[in-house]
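Trainee: my questions concern the predicted model and sequence given below.
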Amino acid sequence: MKLLLIDDEAFALKLLSHQLAALGATDVTTTQSAVEALALLANRDERFDIVFSDLQMPGVDGIEFVRALAATHFDGELVLASGEDARIVQTAERLARAHGLRVLGSLNKPVSPEALQGVLKEHAERVAARPRAKRRTYGPDELRQAIAAGEIIGFCQPKVSMVSGALAGVEILARWHHAEDGLVFPDQFIDVAEANGLIDELTRAVLCNALEQARRWRDAGLECRVAVNLSMDNLGDPEFADFVVSALAQAGVPPSGLVLEVTESRLMGDVRSALDVLARLRLKRIDLSIDDFGTGHSSLAQLRDLPFNELKIDRGFVHGACRDTQLAAILVASLDMAKNLGMRSVAEGIEDAEDWNFLRQSGCEIAQGYFIARPMPMAALADWLPEWEQRRNDMGLGKP
């Protein structure tokens with residue numbers, strides 16, 4: 001692991017270097033100049049895994065450095081270390097992410113060994129989870145053939161009750177089982193589907209697959225509600241609600257066994273059609289979830305205008321809220337709003353025990369995230385359940 005530290009204060013560099021060495025990170029380059037750092041990064045013979053940068057620096061400040069770093073196409077990870085106000089640091093983080101940089105997080109100065117260790121641990125986990133297959137793009141014809149050949153499969157991620165820990169359902173996540181490239185993730189083909197008129201065909205394939213699996217789970221004695229993601233483009237087809245009802249009947253799954261999660265990542269084209277389809281789905285007693293609430297165009301106006309009965313809070317407001325007063329305020333306000341509107345609340349992105357405990361104390365109903373389980377093949381759910389039951393017992397959930 002090769003590190004680059006940037007800070008105009010020599011003592012701060014020396015202290016951080018010693019702390020990193022104590023944690024086993026000894027390949028460290030330091031500089032007191034953002035300009036010199038950019039020159040090092042521009043040298044293709046040098047490759048740094050993590051860059052630690054101060055924000056308040058003379059000449060080129062941290063914000064300018066972030067902009068310039070993105071222009072170098074830096075493919076490592078960035079940590080911001082600063083004694084500035086938390087809101088300024090958070091804005092800098094968001095800016096870095098908007099530029100396409102991979103941000104590990106931020107450190108308050110003086111940096112604590114515990115916080116530094118947490119950053120290095122996060123880096124190690126990201127490296128371990130990084131896909132080894134080379135990323136490539138796919139064309140619409142290839143995707144169309146994959147849908148027709150049944151290569152689009154579903155993984156599932158469990159959702160559990162925060163009160164009892166009992167399984168509350170699963171979210172079905174589309175994956176492409178590519179003959180040559182292995183498992184292809186949705187960020188590599190959903191945009192292609194939406195841009196080329198294939199999203200309706202893709203969604204219908206995922207939905208039917210999910211309902212067939214739900215039927216198998218029910219036959220095995222597992223009443224498991226399945227959640228399937230919709231694109232706003234699906235709501236442009238006035239016949240979509242009839243298709244969903246027909247698919248439920250064909251699979252032998254009651255409407256109560258399905259949740260449709262709607263993310264409005266872009267503005268609706270035809271508001272009337274969306275209102276028509278969503279209203280009819282709710283009349284059929286199918287649950288509707290506003291997904292990634294607080295991001296994109298998923299907003300208060302959607303809660304006012306569309307008949308959602310579940311509010312799913314985006315992971316960006318969930319993970320770490322126990323340590324961030326701003327996130328905590330937004331999260332608690334969202335949960336209170338869901339309760340006052342009579343909506344079920346779901347938090348995604350619960351990654352550790354601290355997230356779990358904070359959400360539970362805040363009154364969230366349903367939890368989803370790596371703390372409970374990572375996405376898995378649907379056939380693996382039966383093996384996961386006994387493991388979760390043991391953890392559930394260890395946490396004392398469901399006991400009087």
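Mentor: Yep, that arrived.
Trainee: every contact and neighbour count from this point should use C-alpha atoms.
Mentor: OK.
Trainee: quick one, domains of the protein?
Mentor: 3-129, 140-394 (automatic domain parsing).
Trainee: possible to save these as JSON lines with mean neighbour count and mean pLDDT?
Mentor: What follows is these, written out as JSON lines (neighbours: other CA atoms under 10 Å; pLDDT from 0 to 100):
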{"stretch": "domain 3-129", "mean neighbour count": "17", "mean pLDDT": "88"}
{"stretch": "domain 140-394", "mean neighbour count": "18", "mean pLDDT": "91"}
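Trainee: helices along the chain, start to end?
Mentor: With DSSP state H as the criterion, the chain has helices at 10-22, 34-42, 62-71, 86-98, 113-129, 140-148, 190-195, 199-219, 240-251, 271-283, 300-305, 325-340, 353-361, 381-394.
Trainee: let's have those helices in TSV, adding distance to Val262.
Mentor: As requested, the helices of the chain are exported to TSV (distance: least, CA to CA, whole Å):
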stretch	distance to Val262
helix 10-22	44
helix 34-42	41
helix 62-71	32
helix 86-98	23
helix 113-129	28
helix 140-148	21
helix 190-195	14
helix 199-219	12
helix 240-251	14
helix 271-283	10
helix 300-305	10
helix 325-340	16
helix 353-361	23
helix 381-394	24
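Trainee: which one of these lies closest to Asp314?
Mentor: Nearest to Asp314, of all the helices of the chain, is helix 325-340, at 9.4 Å by CA to CA.
Trainee: quick one: Leu40 and Ala21, what's the gap?
Mentor: 21 Å (CA to CA, to the nearest Å).
Trainee: and if you look at Lys284?
Mentor: For Lys284, the distance to Ala21 - CA to CA - is 61 Å.
Trainee: the closest residue to His99 other than its chain neighbours and Ala328, how far apart?
Mentor: Leaving out its chain neighbours, the residue that sits closest to His99 by CA to CA, 6 or more residues apart in numbering is Ala70, at 6.0 Å. Counting by CA to CA, the separation of Ala70 from Ala328 is 30 Å.
Trainee: and what of Val89?
Mentor: Distance from Val89 to Ala328, by CA to CA: 17 Å.
Trainee: and Val51, by the same measure?
Mentor: Applying CA to CA to Val51 and Ala328 gives a distance of 28 Å.
Trainee: who's in contact with stretch 351-365?
Mentor: 161-163, 318-322, 332, 335, 344-347, 350, 367, 369-372 (CA atoms under 8 Å, 6 or more residues apart in numbering).
Trainee: how far off centre is stretch 149-168?
Mentor: 15 Å (CA atoms, centre = their mean, to the nearest Å).
Trainee: stretch 249-257 now?
Mentor: 28 Å.
Trainee: got it, and stretch 215-230?
Mentor: The answer for stretch 215-230 is 22 Å, by CA atoms, centre = their mean.
Trainee: centroid residue for this protein?
Mentor: Arg315 (5.5 Å; CA atoms, centre = their mean).
Trainee: quick one, what contacts that one?
Mentor: 292, 347-350.
Trainee: let's see it at 7 Å
Mentor: By CA atoms under 7 Å, 6 or more residues apart in numbering, Arg315 lies in contact with 348-349.
Trainee: touching, the residue nearest to His99 and Arg102? I think so.
Mentor: No. Taking contacts as CA atoms under 7 Å, Ala70 lies outside contact range of Arg102: 9.9 Å.
Trainee: overlap in contacts of these two?
Mentor: With CA under 7 Å, 6+ apart, Ala70 and Arg102 have no common neighbours.
Trainee: how about Leu55, what does it touch?
Mentor: 61-63, 80-82.
Trainee: tell me the one of the residues you listed nearest Pro377?
Mentor: Leu80 (36.7 Å).
Trainee: not counting its neighbours along the chain, what's nearest the closest one?
Mentor: Per CA to CA, 6+ apart, closest to Leu80 is Ser106, 4.5 Å.
Trainee: so the one you found makes contact with Gly83?
Mentor: No. Using CA under 7 Å, Ser106 makes no contact with Gly83, being 10.3 Å away.
Trainee: having no further points to raise, I will conclude here.
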